[in-house]
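J.: Kindly return the folded structure for what I paste below:
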Amino acid sequence: LNGLGKKPFCKELAECNYSTPCLCWFVSALHRMDLDSLLNALQTTQQQKSYVRLSERNVVELVLKLKQLGLFGEELLHTINGKEYITTDRLKADIAAALRQAGGRLELTELPALVGVDLVHCEKQAALIVAESSGTALGAQGELITTQYFDSLAAEVNDLLQESGVLSLADLAITYALNTELLRSTISSRMGTVIHGQLEGSLLYTPAYVSNIKAQLRGALRGTTIPVALNTLVKELGLDSFGSSIGMVSQLVDELITEGAVKGSTKGGGGNWVPTIYTAAQQQAVTGFYQQNGWVAYDLVRKAGISNEKTYLKQNFPEGLALDTVYVSSTIISQVEASVNETLRSTSWLDVSTILPPAMSATDVATLLDKCLDAGKDIAQHPGQVLATTCIVSTALITVVKDKAEVHAVLEADKAAADRRKSAATASTSAPSSNGAGSAAGIASVAKKGVAVKDANDSDDDWSMGSKKGKKGKAGGANKAKAKSSSSSSNTGAAGGKQQKGAATGDGRTALSLQALTQLVLQLYPDMEDAGPSGALAKGVAEQIRPAAVAAYQQALESAFTSTAEARRKAKDAAVKALEEQYGLLQLYEHGCKLLQVCLLGSKWRTCNCC
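T.: Numbers count the residues shown, from 1 in each chain. Down below sits the predicted model:
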């Protein structure tokens, strides 16, 4: 402290002998000196023997005072034990040295014990080291890791890889306590340089190991004769460690197929192996079935492992016809055409489904039948109708059944007419008869009313089938009741009209119903009972003939009623004519009787001119 001057700065300094100056004077003296002077003074002081030592407390106070004055910044840090101070640069250098000593990988939680500084300051300096390293160091998972560590790790991994042939990234991540993605990026960046192998998915393997696996797969695939799943094959070969990468196995199989080492194909996204010998056997089975039977179902083709079955069959059998569920050959089509033509030329019918495979649906049968009808040569000369979807019926057969139905309708019409006449007769006999019909006056009255009776009975000329005719019958009964002037007779006539209506309409509707005509068809052709889907052929034929049968019934009923009315008219005309003749004779006899009476009263037994 020589040369600093002896001017006192405090009361204590004025009384001291310069052996123990106060701290205030010492700080003030340092403040007035520049840095070079301080360095020179420090060097001189260090070379001389000190007669006075500063206590730890004095040093702490001195450092704190210097920091308050701004001579020291935040770069000065105290250690954990509080007995030492360290700068940030020194701390960063110590951390870098500790990282090198640890082999390039060091946990941040270990730094406080190594450098003696709080963890917060260590983390800050570690971040600076990473930022200034230009990629040679990084912080991950609470650790400092350098590229030298990753290089040594890659060398170790390569040694393990060459020894075992295959490594799993998951196992390596557990062994080295690293994140899988970080480990993957580290290994990927050093593939081909430090690590000699291939990385596929989560597996790391060597070319020698791949060659070994490929050889095992080649032998196994050559020995298979049926489709097999690749993952099952890998388990059977004992390649479970390699089975996690089924994509790689599929890739090796594809390479074997390309090289011609194995014959087959992969399906199901590369997860299944189908050998060529199996495909050839299945295709041969399909071909044999088709050639033997003339048809093949698409389900059978799909079970044989053939996709796009319609395209496959069309390419291999171009002469066939593709339907919805089966593929039929031209032979089947020719047989159906021949059967259809024979049916149309004769008075018969044919259910085409009975001569076709049972695997064909009703839609397929209808489609094939339409095709045969379009291609038939005898359709114009011998037409027919398709009924019940799968049946062909010749027009001649329909005509025969129609004639039978018309005859049946005429018989039913005759029965209805007879029932009506019987009902009318019953109604007429129930009416009361008039009294005094034997007198001349009564006969004359009947004769005078002959024309009126004829006109009243002419309403029967229009009797026919239907409710309208029944109403006429009811009106006739009412007229009879009115002529007789009896209420009981009126009720009887109304009842007779209702009976006539039932006789004319009820029996026809029942006899010509669809069910009745179906039974008529089955009586003529009993073998139609089970023809068509659910035995619908007989009903279809009945639907075809019913309009003609109904028309024949109505015509026959009208003819029966018309002929009966005509006969009644003729009978009534003859009766009226005879009655008029007898009435004239009666009038002549009456006049003669009157003249004879006058002559006898005027002169006895005198001959007169009239006599």
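J.: count of neighbours near Ile86?
T.: Around Ile86 there are 17 other residues, counting by other Cβ atoms under 10 Å. From N, CA and C alone the C-beta is placed, and that goes for glycine too.
J.: Which other helices and strands does the helix or strand that contains it contact?
T.: Element membership for Ile86, per DSSP states H and E: strand 85-87. With contacts taken as 3 or more Cβ pairs under 8 Å, 6 or more residues apart in numbering; DSSP states H and E, strand 85-87 sits against strand 76-78.
J.: now what about the strand it packs on, what contacts it?
T.: Val63, Lys67, Glu84, Tyr85, Ile86, Thr87, Thr88, Leu91, Val117, His121 (Cβ atoms under 8 Å, 6 or more residues apart in numbering).
J.: Spit out the contact partners of the last one.
T.: Going back to what we said before, that points to His121. Leu77, Thr88, Leu91.
J.: That one and Glu580, how far apart?
T.: 156 Å (Cβ to Cβ, to the nearest Å).
J.: do the same with the fourth one
T.: Tyr85 is 168 Å from Glu580, where distance means Cβ to Cβ.
J.: And for the third one?
T.: With distances defined as Cβ to Cβ, the gap from Glu84 to Glu580 amounts to 168 Å.
J.: does the residue nearest to Glu236 when sequence neighbours are not counted count as helix, strand or coil?
T.: Spatially, and ignoring its direct neighbours in sequence, Glu236 is nearest to Ala220 (7.6 Å; Cβ to Cβ, 6 or more residues apart in numbering). Following DSSP: H, G, I helix; E, B strand; the rest coil, Ala220 is assigned to helix.
J.: Name only those of the contacts of strand 76-78 that count as buried.
T.: Buried members of the contacts of strand 76-78, counted by 16 or more other Cβ atoms under 10 Å: Ile86, Thr88, Leu91, Val117, His121.
J.: Mind listing the residues bridging to the first one?
T.: With DSSP bridges as the criterion, the beta-bridge partners of Ile86 are Leu77.
J.: From here on, call the first residue 808.
T.: From this message on, residue numbering opens at 808, which makes the last subject Ile893.
J.: OK, contacts around it?
T.: Contacts of Ile893 (Cβ under 8 Å, 6+ apart): Leu883, Leu884, His885, Thr886, Asp901, Val922, Gly923, Val924.
J.: and of the residues you listed, the nearest to Asp1106?
T.: Of all the contacts of Ile893, Asp1106 sits closest to Val922, with 79.1 Å by Cβ to Cβ.
J.: so the closest one makes contact with Ala905?
T.: Yes: assessed by Cβ atoms under 8 Å, Val922 is found in contact with Ala905 at 6.6 Å.
J.: the more surrounded of the two?
T.: Counted by other Cβ under 10 Å, Val922 and Ala905 do not tie: Val922 has more neighbours, with 22 against 17.
J.: do you know how far the more buried one is from Leu873?
T.: From Val922 to Leu873 the distance is 23 Å (Cβ to Cβ).
J.: Then Leu1218?
T.: Taken as Cβ to Cβ, the span from Leu1218 to Leu873 is 142 Å.
J.: still on that earlier bit, can you name every helix or strand that the helix or strand following the strand holding Ile893 contacts?
T.: Moving toward the C-terminus from strand 892-894, the next helix or strand (DSSP H and E) is helix 895-908. If contacts are counted by 3+ Cβ pairs under 8 Å, 6+ apart, helix 895-908 sits against strand 912-914, helix 918-922, helix 926-939, strand 950-953.
J.: Report the helix or strand with the lowest average pLDDT across the chain.
T.: helix 1274-1291 (a mean of 36; mean pLDDT, DSSP states H and E).
J.: And the contacts of the helix or strand harbouring Ala1087?
T.: Using DSSP H and E, Ala1087 falls within helix 1083-1100. The contact list for helix 1083-1100 (Cβ under 8 Å, 6+ apart) reads 1032-1034, 1070-1072, 1103, 1107-1108, 1111-1113, 1120, 1123-1124, 1127, 1134, 1136, 1164.
J.: Buried by neighbour count: which residues of that helix qualify?
T.: Tyr1085, Thr1086, Gln1089, Gln1090, Val1093, Phe1096, Tyr1097, Asn1100.
J.: Could you single out the nearest of those residues to Gln1351?
T.: Using Cβ to Cβ, the buried residues of helix 1083-1100 come closest to Gln1351 at Asn1100, 35.0 Å.
J.: What separation do you get for that closest one and Thr851?
T.: Distance from Asn1100 to Thr851, by Cβ to Cβ: 122 Å.
J.: thinking again about what came up before, sitting in strands, which of the contacts of helix 1083-1100 do you find?
T.: Gly1071, Ser1072, Val1103, Tyr1134 (DSSP state E).
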